[in-house]
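Student: Predicted model and sequence follow; I will ask about them next.
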Amino acid sequence: MLHELMSRRVAGALALSLLVAAPAAAQLPRQDPKHCKGQAEIRPLEPLQIRTDKGVQSFMVEIADSDMEREYGLMCRKSLAADRGMLFLFSRSSPQMFWMRNTLIPLDIIYIGENGRVVSISRNVQPLDESGAPSAGPAKFVLELAGGRAAQIGLLPGDRVLHRAMPRG
(Lines give C-alpha, C1' and ligand atoms only; values in the text may rest on other atoms or scores of the structure.)
Protein backbone atom coordinates (compact mmCIF):
# COMPACT_ATOMS: atom_id res chain seq x y z
CA MET A 1 0.00 0.00 0.00
CA LEU A 2 2.77 2.45 0.94
CA HIS A 3 4.68 1.50 -2.21
CA GLU A 4 1.56 2.12 -4.35
CA LEU A 5 0.97 5.53 -2.71
CA MET A 6 4.61 6.53 -3.26
CA SER A 7 4.44 5.36 -6.88
CA ARG A 8 1.36 7.52 -7.46
CA ARG A 9 3.06 10.54 -5.90
CA VAL A 10 6.20 10.04 -7.99
CA ALA A 11 4.12 9.59 -11.16
CA GLY A 12 2.07 12.70 -10.31
CA ALA A 13 5.19 14.77 -9.62
CA LEU A 14 6.77 13.58 -12.88
CA ALA A 15 3.65 14.43 -14.89
CA LEU A 16 3.49 17.88 -13.27
CA SER A 17 7.17 18.56 -13.96
CA LEU A 18 6.76 17.54 -17.60
CA LEU A 19 3.71 19.78 -17.93
CA VAL A 20 5.60 22.75 -16.46
CA ALA A 21 8.77 22.02 -18.45
CA ALA A 22 7.06 21.74 -21.83
CA PRO A 23 6.06 25.20 -23.02
CA ALA A 24 2.58 25.28 -24.48
CA ALA A 25 3.83 26.80 -27.72
CA ALA A 26 6.08 23.78 -28.26
CA GLN A 27 2.90 21.77 -28.68
CA LEU A 28 1.65 23.95 -31.53
CA PRO A 29 2.35 22.14 -34.79
CA ARG A 30 4.41 23.71 -37.54
CA GLN A 31 2.16 24.81 -40.36
CA ASP A 32 2.76 25.11 -44.08
CA PRO A 33 3.30 28.88 -44.52
CA LYS A 34 0.95 28.85 -47.53
CA HIS A 35 -1.89 27.52 -45.39
CA CYS A 36 -0.92 28.94 -42.01
CA LYS A 37 -3.86 29.62 -39.68
CA GLY A 38 -3.38 31.65 -36.52
CA GLN A 39 -5.66 33.84 -34.48
CA ALA A 40 -7.56 36.81 -35.83
CA GLU A 41 -6.52 40.31 -34.79
CA ILE A 42 -7.25 40.81 -31.09
CA ARG A 43 -9.64 43.73 -30.58
CA PRO A 44 -9.95 46.36 -29.29
CA LEU A 45 -6.56 47.84 -30.07
CA GLU A 46 -5.01 49.89 -27.27
CA PRO A 47 -2.70 52.92 -27.40
CA LEU A 48 0.95 52.48 -26.43
CA GLN A 49 3.76 55.02 -26.53
CA ILE A 50 7.52 54.61 -26.56
CA ARG A 51 9.78 57.42 -25.35
CA THR A 52 13.27 57.48 -26.93
CA ASP A 53 15.94 60.14 -27.49
CA LYS A 54 14.25 60.74 -30.88
CA GLY A 55 10.92 61.59 -29.18
CA VAL A 56 7.65 59.84 -28.48
CA GLN A 57 6.31 57.24 -30.91
CA SER A 58 2.67 56.14 -30.77
CA PHE A 59 1.38 52.68 -31.61
CA MET A 60 -1.92 50.82 -31.47
CA VAL A 61 -1.37 47.35 -30.07
CA GLU A 62 -3.22 44.10 -29.65
CA ILE A 63 -3.15 42.77 -26.09
CA ALA A 64 -2.16 39.13 -25.58
CA ASP A 65 -3.05 38.42 -21.96
CA SER A 66 -4.51 34.90 -22.07
CA ASP A 67 -2.50 31.71 -22.47
CA MET A 68 -3.94 31.08 -25.93
CA GLU A 69 -3.32 34.64 -27.15
CA ARG A 70 0.28 34.51 -25.89
CA GLU A 71 0.81 31.09 -27.50
CA TYR A 72 -0.35 32.20 -30.94
CA GLY A 73 0.93 35.78 -30.87
CA LEU A 74 1.45 37.05 -34.40
CA MET A 75 1.63 33.59 -35.97
CA CYS A 76 0.50 33.35 -39.59
CA ARG A 77 0.16 37.12 -40.07
CA LYS A 78 1.31 38.23 -43.49
CA SER A 79 2.05 41.84 -42.49
CA LEU A 80 2.23 44.25 -39.57
CA ALA A 81 1.77 48.00 -40.09
CA ALA A 82 4.51 50.34 -38.83
CA ASP A 83 2.18 51.81 -36.19
CA ARG A 84 0.87 48.45 -34.92
CA GLY A 85 2.17 45.79 -32.56
CA MET A 86 1.27 43.17 -30.00
CA LEU A 87 1.85 43.60 -26.27
CA PHE A 88 2.15 40.41 -24.21
CA LEU A 89 1.17 40.78 -20.55
CA PHE A 90 2.51 38.34 -17.96
CA SER A 91 1.46 38.02 -14.32
CA ARG A 92 5.01 38.35 -13.04
CA SER A 93 8.45 39.41 -14.15
CA SER A 94 10.77 36.58 -15.23
CA PRO A 95 13.28 35.75 -17.99
CA GLN A 96 11.41 35.40 -21.26
CA MET A 97 12.18 33.67 -24.55
CA PHE A 98 10.18 34.08 -27.74
CA TRP A 99 10.50 32.17 -30.98
CA MET A 100 9.04 32.42 -34.45
CA ARG A 101 7.19 29.14 -35.04
CA ASN A 102 4.61 29.82 -37.79
CA THR A 103 5.53 33.52 -37.76
CA LEU A 104 5.79 34.70 -41.36
CA ILE A 105 7.14 38.24 -40.88
CA PRO A 106 10.35 39.52 -39.24
CA LEU A 107 9.77 41.06 -35.82
CA ASP A 108 11.53 43.22 -33.28
CA ILE A 109 10.90 41.67 -29.86
CA ILE A 110 11.17 44.20 -27.03
CA TYR A 111 11.44 42.88 -23.48
CA ILE A 112 10.10 45.32 -20.87
CA GLY A 113 10.59 45.22 -17.11
CA GLU A 114 7.79 45.69 -14.59
CA ASN A 115 8.87 49.36 -14.29
CA GLY A 116 8.05 49.99 -17.98
CA ARG A 117 11.71 50.27 -19.04
CA VAL A 118 13.13 48.31 -21.97
CA VAL A 119 15.31 45.46 -20.69
CA SER A 120 16.55 44.24 -24.07
CA ILE A 121 15.65 44.07 -27.75
CA SER A 122 15.90 41.16 -30.18
CA ARG A 123 16.07 42.96 -33.50
CA ASN A 124 14.79 41.65 -36.83
CA VAL A 125 14.11 38.13 -35.62
CA GLN A 126 13.61 36.18 -38.81
CA PRO A 127 10.43 34.37 -39.86
CA LEU A 128 10.10 30.72 -38.85
CA ASP A 129 13.30 30.85 -36.71
CA GLU A 130 12.76 28.51 -33.76
CA SER A 131 16.15 29.02 -32.12
CA GLY A 132 14.63 31.42 -29.57
CA ALA A 133 15.26 35.06 -28.73
CA PRO A 134 15.86 35.37 -24.96
CA SER A 135 15.49 38.47 -22.82
CA ALA A 136 18.65 39.87 -21.20
CA GLY A 137 16.86 39.96 -17.84
CA PRO A 138 13.46 39.59 -16.20
CA ALA A 139 10.56 41.05 -18.19
CA LYS A 140 6.88 41.37 -17.33
CA PHE A 141 5.85 42.68 -20.75
CA VAL A 142 6.95 41.85 -24.28
CA LEU A 143 6.20 44.06 -27.27
CA GLU A 144 6.41 42.80 -30.83
CA LEU A 145 6.80 45.36 -33.62
CA ALA A 146 7.51 45.01 -37.32
CA GLY A 147 11.13 44.01 -37.95
CA GLY A 148 13.42 47.05 -38.13
CA ARG A 149 10.97 49.37 -36.41
CA ALA A 150 12.96 49.57 -33.15
CA ALA A 151 16.00 50.87 -35.05
CA GLN A 152 13.85 53.37 -36.98
CA ILE A 153 12.58 54.97 -33.78
CA GLY A 154 15.96 54.78 -32.01
CA LEU A 155 14.74 52.35 -29.33
CA LEU A 156 17.40 51.31 -26.80
CA PRO A 157 17.47 49.42 -23.49
CA GLY A 158 16.41 51.77 -20.71
CA ASP A 159 13.88 53.64 -22.85
CA ARG A 160 10.37 54.03 -21.43
CA VAL A 161 7.22 52.29 -22.69
CA LEU A 162 3.88 53.82 -21.69
CA HIS A 163 0.74 51.71 -21.50
CA ARG A 164 -2.17 51.36 -19.07
CA ALA A 165 -0.74 48.06 -17.72
CA MET A 166 2.57 49.68 -16.74
CA PRO A 167 3.31 51.95 -13.80
CA ARG A 168 3.29 55.67 -14.46
CA GLY A 169 6.30 57.79 -13.74
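Tutor: Ah, there it is. No experiment lies behind these values; they were computed from the predicted model shown.
Student: Low-confidence regions, this structure specifically.
Tutor: 1-26, 169 (pLDDT under 70).
Student: which residue ranges form the helices in it?
Tutor: With DSSP state H, the ranges of helices along the chain come out as 2-21, 67-72, 149-153.
Student: residues of the second one that come out buried?
Tutor: Residues of helix 67-72 classed as buried: E69, R70, E71, Y72 (neighbour count, 16 or more other C-beta atoms under 10 Å). To be clear about C-beta, it is placed using only N, CA and C from the backbone, and glycine gets the same treatment.
Student: Specify which member of those is nearest to Q96.
Tutor: Nearest to Q96 out of the buried residues of helix 67-72 is R70 (C-beta to C-beta; 10.4 Å).
Student: if I pick the closest one, what's in contact with it?
Tutor: A64, F88, F90 (C-beta atoms under 8 Å, 6 or more residues apart in numbering).
Student: Look up how far V119 lies from the closest residue to S120 other than its chain neighbours.
Tutor: Leaving aside its sequence neighbours, S120 sits nearest to A136 (C-beta to C-beta, 6 or more residues apart in numbering; 3.5 Å). Remark: distance between A136 and V119 (C-beta to C-beta, to the nearest Å) = 6 Å.
Student: repeat for I50
Tutor: Distance of I50 to V119, given as C-beta to C-beta: 14 Å.
Student: neighbour-wise, which of these two wins?
Tutor: Set I50 next to V119 and count neighbours by other C-beta atoms under 10 Å: I50 wins out with 26 against 23.
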